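1. My questions concern the predicted model and sequence given below.
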Amino acid sequence: MSFTIKRLLPHLLVFIGFIVISLAYFSPVLKGKEIFQSDIMHYIGMSKQQKDFKAQTGEETYWTNSAFGGMPTYQLGAKYPHNYIKKLDLTLRFLPRPADYLFLYFIGFYILLLSLKLDYKLAVVGALAFGFSTYLIIILGVGHNSKAHAIAYMPLVLSGIVLTFRKKYILGFLLTTVAMGLELVANHYQMTYYLLLLVLVLGIAYLVDAYKKQQLPHFFKSVGILFVAVILSIGLNATNILATQEYVKESTRGQSDLTINADGSTKEISTGLDKDYITEYSYGIVESLNLFIPRLLGGGSHEDVGKDSEYYQFNLKRGATPLQAREIAKQTPTYWGDQPIVEAPAYVGAVILFLFVLGLFLVKGRLKWWLVGGTVLSLLLSYGKNFEVLTNLFIDFVPMYNKFRAVSSIQVILELCIPVLGVFALVELFKKSNASEDKLKALKYATGITAGLALVFLLFKTTLFDFVGVNDGYYAQNYGHDFIDAIRADRVSMFTTDTIRTLVLVLLSAGVVFMFLKQKLSETLVTIAFAALILFDLIGVDRRYVNNDDFMSAMQINKPYQPNAADLQILKDTTHFRVFDVTSGAARASYFHNSLNGYHAAKLGRYNEVFDFYISKNNINVLNMLNTKYIIAQNEQGDYFPYENTDANGNAWFVDRVELVENANEEILKLDSLDTQNVAVTTSKTIANSKNVIDSTAAINVVAYKPNYIKYQTNNPNKGFAVFSEIYYGQGWNAYLDNVLVPHERVNYILRGLDVPAGNHTIEFKFEPKVIQTGSKIALASSLLVGVLIVLGLFLGFKNKSASQHVGDAEANN
């Protein structure tokens, strides 16, 4: 027992250390403050209705009317029955946000390096290098929480895979099942997809190695075990996965029925996203060097250049007060790369990159090749439109690659691979079996490459680079060439400062290795030195972009929107209607109203097309059919006011006739001039060409409303066809006529329509997605099975360990 405690004690201390470091970096959370994250602010606006409903009723709604006219909540933090893997995830994220994600970065990477048989001290060094990688900190600053969440579990998944290939089948199977389940809980399938690409590279490396060593049976046995583990992990997340799979087909990421764009041009037929949209955020080839030199291309889109900058002096000369000039200097457009917006450089670290290059010369075998392969693949794919040969190949032929945008984010793979190889460079450095001459030669090569690159940039910066950004022409035209000269001078200054910084860090790192080779430093001191250098290197850059200034009181974060004059006036109206905010395209209006606006990466596809064709152009005809009763606008003084649209069609109405159109193109084009109060259009032959007599007394009124339920009372002496100003979603909404389930149809491209018999009737729409019921049953069964397997695995593990001890004792007695 004492031996077990002694073995576990270092890991326990590391665990506590990671907690302390995570809380120290985000220390304002200890005072109850929360970090301001722009994306989370939008999420709060989008999800308020469903959260309010849960608070009031105790029930979960899987539909919200607060954004984009109405949409499922599957990608808005919906909670599902029997989602026990989510409960485990919440248990692991016990620290205040965002310290919880930083802790997960550390602990997951630490476990990965332990699974690769590293000493715990070197595993700590690697974990610090991974966790403080600038991109991983930046995404916490802006609120890409689900992305950070998914990245944090990547190393844990790889740990299970590595253990399985190391013939620790039971532990590897159980860890892969649970880790992959947690990875899927994060609900960021783009990051999970990128992880899959890395696993394929890893698998190829193991396959080649198994072939060389004639161990193919073991390889395929491991693959089979891992396949079962992944199936079980999918089962643990069945509800979310099935719901997402269903929703994707109806979203902007599914295939459109249109062959035309809003501007009249021909639409490229695709089962995924538009190629230009996919590659909009493509990393520049030269820009990839900011992995090594942080502000090589100016850092983020806007940087604080300080009082000593040319831009500060420029604004003083233009008449700004020192205080005004200082504030302006905080938002200097220093970035001169090709991407539209960059929060910060994806800096991996000069120290860990030096070790990575050292590892290229010291590390041998399959480990090196899957890490290098993953690094190169992710780097080349991150170039997007700047390396079209490979990008187009993946978009056109690799399954699901065209479902994701912002290809630059695939660099998360190299941000994982580089620290692993970098730490293994230290492992090889410490091995006494490796010749000192080989180590010294590797040091010379690594120093020559990294320090040499920094030195060349420093000496020939203005020869190699022009420091001109894509927006500089606009700035010159509007602010003059003196403005550009000042900005360019500051870009050169930033470039110089950070290049010198990188050069110094490389030389210090090389010096530590050299001192070790000369036996002036011990392994322990080298480990401590590199831990200190990595922390100094990465935290120094991280704090430029995410620091204590980003924290605010919890009240401000949790209630990010305050009602303006327009909101207050609209909130007095207790009827059911929609609001269109022309002053903001984000989620602010969704916080208070049933809005046509919103903020989400995967909107309903048909609604998004109607938005592009008509709503964005303030087409009153389409606004009317969506029952847009209020339009929030601003007057010349900047005051908000609600324009009341008295022509809105209302919640539902009977139409004279339903016209048949040939295809989706005709249907959406008809909306421009369609008399929506009297005519509906459809591509469904079931209801088309019906004609009805509308009596002046005919009426449909809403008598009960919830996000997932609407009840109407109808009064019509004649049979009729009713159009409802609600978004059609056939995968969950059911229509009931006098408590009897009846079919309803899609009309006017995005709305619901229903045949209604003569007389007085009750119509109910209930959101009853079968996918939730089916998925929950699968999740429950999978959770029970995994629980049994974990207990069985622990039993077998203890049994085998006990048997091994008895054998050892018997041998000792003999």
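-> Sure, I can see it.

2. Need the three-state assignment for the residue nearest to H593 when sequence neighbours are not counted.
-> Ranked by CB to CB, 6 or more residues apart in numbering and with sequence neighbours excluded, the top spatial neighbour of H593 is V579, at 4.0 Å. For every residue, glycine as well, the C-beta is placed using N, CA and C. Secondary structure assignment for V579 (DSSP: H, G, I helix; E, B strand; the rest coil): strand.

3. same deal with T91?
-> Using three-state DSSP, the structure places T91 in helix.

4. That one: neighbour count?
-> Residues contacting T91 under the criterion other CB atoms under 10 Å number 8.

5. If you count residues, where's the longest helix of the protein?
-> As far as residue count goes, and with DSSP state H defining each element, the longest helix of the chain is helix 770-813.

6. Could you tell me the average pLDDT over it, please?
-> In this model, helix 770-813 has an average pLDDT of 79.

7. re the thing from before, now do the contacts for the residue nearest to H593.
-> Each residue near V579 by CB atoms under 8 Å, 6 or more residues apart in numbering is listed here: 570, 589, 592-596, 628-632, 642.

8. go with 10 Å
-> Under the criterion of CB atoms under 10 Å, 6 or more residues apart in numbering, the neighbours of V579 are 66, 566-567, 570, 573, 589-590, 592-597, 628-632, 642, 645.

9. Now, of those, which are buried?
-> For the contacts of V579, a neighbour count by 16 or more other CB atoms under 10 Å gives the buried set as 66, 566-567, 570, 589-590, 592-597, 628-632, 642, 645.

10. Quick check: Q569 touching E644?
-> Yes - with contacts counted by CB atoms under 10 Å, Q569 reaches E644, the gap being 9.2 Å.

11. Report the secondary structure element holding the residue most central in space within the chain.
-> The residue lying closest to the centre of the chain (CA atoms, centre = their mean) is K147, at 3.4 Å. Assessed by DSSP states H and E, K147 sits inside helix 145-165.

12. next helix or strand past that helix?
-> Under the assignment DSSP H and E, the closest C-terminal helix or strand after helix 145-165 is helix 169-185.

13. Buried residues, that following helix. List them.
-> By neighbour count, and taking 16+ other CB under 10 Å as the criterion, the buried residues in helix 169-185 are 169-185.

14. Ok, stretch 14-30 next?
-> For stretch 14-30, the neighbour count (16+ other CB under 10 Å) marks 14, 18-19, 21-23, 25-26, 28-29 as buried.

15. Please give me every residue in contact with the closest residue to T239 other than its chain neighbours.
-> In this structure, T239 finds its nearest non-sequential neighbour in G775, 3.0 Å apart by CB to CB, 6+ apart. Residues near G775 by CB under 10 Å, 6+ apart: 80-83, 235, 237-243, 245-246, 769.

16. Can you flag the buried ones in these?
-> Neighbour counting with 16+ other CB under 10 Å marks 80, 82-83, 235, 237-243, 246, 769 as buried within the contacts of G775.

17. Where helices are concerned, which of those count?
-> Within the buried ones among the contacts of G775, residues falling in helices by DSSP H are 235, 238-243, 246.

18. Looking at those, which is nearest I151?
-> Each of those was checked against I151 using CB to CB; the closest is N240, at 18.2 Å.

19. Quick check: the gap between that closest one and F767.
-> From N240 over to F767 the distance is 17 Å, taken as CB to CB, to the nearest Å.

20. Could you give the number of residues near D438?
-> Other residues within reach of D438, judged by other CB under 10 Å, total 12.

21. Between all of the buried residues of stretch 14-30, which two are separated the most?
-> With CB to CB as the measure, no two of the buried residues of stretch 14-30 lie farther apart than V14 and P28, at 24.5 Å.

22. tell me the mean pLDDT for the helix holding K147?
-> If you average the per-residue pLDDT over helix 145-165, you get 96.

23. what's the answer for stretch 215-232, then?
-> For stretch 215-232, mean pLDDT rounds to 96.

24. what does stretch 198-211 give?
-> 94.

25. In it, which residues are buried?
-> By neighbour count with 16+ other CB under 10 Å, stretch 198-211 contains the buried residues 198-199, 201-203, 205-206, 209-210.

26. picking that back up, next, format the ones in helices among the buried ones among the contacts of G775 as JSON lines and append distance to V788 and pLDDT.
-> Putting these into JSON lines (distance: CB to CB, whole Å; pLDDT from 0 to 100) gives the following:
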{"residue": "G235", "distance to V788": "13", "pLDDT": "96"}
{"residue": "A238", "distance to V788": "17", "pLDDT": "96"}
{"residue": "T239", "distance to V788": "21", "pLDDT": "95"}
{"residue": "N240", "distance to V788": "23", "pLDDT": "94"}
{"residue": "I241", "distance to V788": "22", "pLDDT": "94"}
{"residue": "L242", "distance to V788": "23", "pLDDT": "95"}
{"residue": "A243", "distance to V788": "26", "pLDDT": "94"}
{"residue": "E246", "distance to V788": "30", "pLDDT": "94"}
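
27. Just put those in a markdown table and tack on distance to D438.
-> Supplementary listing: these in a markdown table, determined by distance: CB to CB, whole Å:
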| residue | distance to D438 |
| --- | --- |
| G235 | 49 |
| A238 | 52 |
| T239 | 54 |
| N240 | 50 |
| I241 | 49 |
| L242 | 54 |
| A243 | 55 |
| E246 | 57 |
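
28. Pull the number of nearby residues for I687.
-> 19.

29. what about it, distance to V506?
-> Using CB to CB, I687 is found at 71 Å from V506.

30. OK, contacts around the residue nearest to Y614 when sequence neighbours are not counted?
-> Counting by CB to CB, 6+ apart, Y614 lies nearest to V622, which is 4.0 Å off, once chain neighbours are set aside. Residues near V622 by CB under 10 Å, 6+ apart: 596, 610-611, 613-615, 628, 668, 671-672, 674, 676, 748-750.

31. Show me where this structure dips below the pLDDT cut-off.
-> Applying pLDDT under 70 to the chain flags the ranges 1-4, 270-271, 688-689, 801-814.

32. Next one: the closest residue in space to F530 that isn't next to it in sequence from A425, what distance?
-> Leaving out its chain neighbours, the residue that sits closest to F530 by CB to CB, 6+ apart is V125, at 5.6 Å. Here V125 is placed at a distance of 11 Å from A425 (CB to CB).
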